[in-house]
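K.L.:
Below are the sequence and a predicted model; questions follow.
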Amino acid sequence: MNRYQVISLVVLIGLPLFFLLISIFTGKWGYFLFSIPPSLAAGLTGFFHAKKNGVRATAKITPKG
């Protein structure tokens, strides 16, 4: 698993977990419920894009010219 897939998994798991803790402490479950769709959209998009394109974490960008 490359670096970008790990970042995507942190978004998929970490953000809802953070908002779950906020919801538990405040008692307002809207924070948690409204965090799930954006984290799924961002996390799954990034994960599958990195998986499909085989992005390497050690790839170097060289300027043209």
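P.N.:
Thanks, I have it.

K.L.:
where does the protein have low pLDDT?
P.N.:
Using pLDDT under 70 as the threshold, the predicted model of the chain has low-confidence ranges 55-65.

K.L.:
Pull up the gap between the residue most central in space within the chain and F34, please.
P.N.:
Centre of the chain computed as the mean C-alpha position; nearest residue by Cα atoms, centre = their mean is V11, 2.4 Å away. Distance of V11 to F34, given as Cβ to Cβ, to the nearest Å: 15 Å. (Each C-beta comes from the backbone N, C-alpha and C, glycine too.)

K.L.:
can you give me the helices in this structure?
P.N.:
3-26, 30-53 (DSSP state H).

K.L.:
what does the last one contact?
P.N.:
To tie it back to what came earlier, the one meant is helix 30-53. Helix 30-53 has contacts (Cβ atoms under 8 Å, 6 or more residues apart in numbering) with 2, 4-5, 7-9, 11-13, 15-16, 18-20, 22-23, 55.

K.L.:
residues near I13, how many?
P.N.:
I13 has 12 neighbouring residues, counting by other Cβ atoms under 10 Å.
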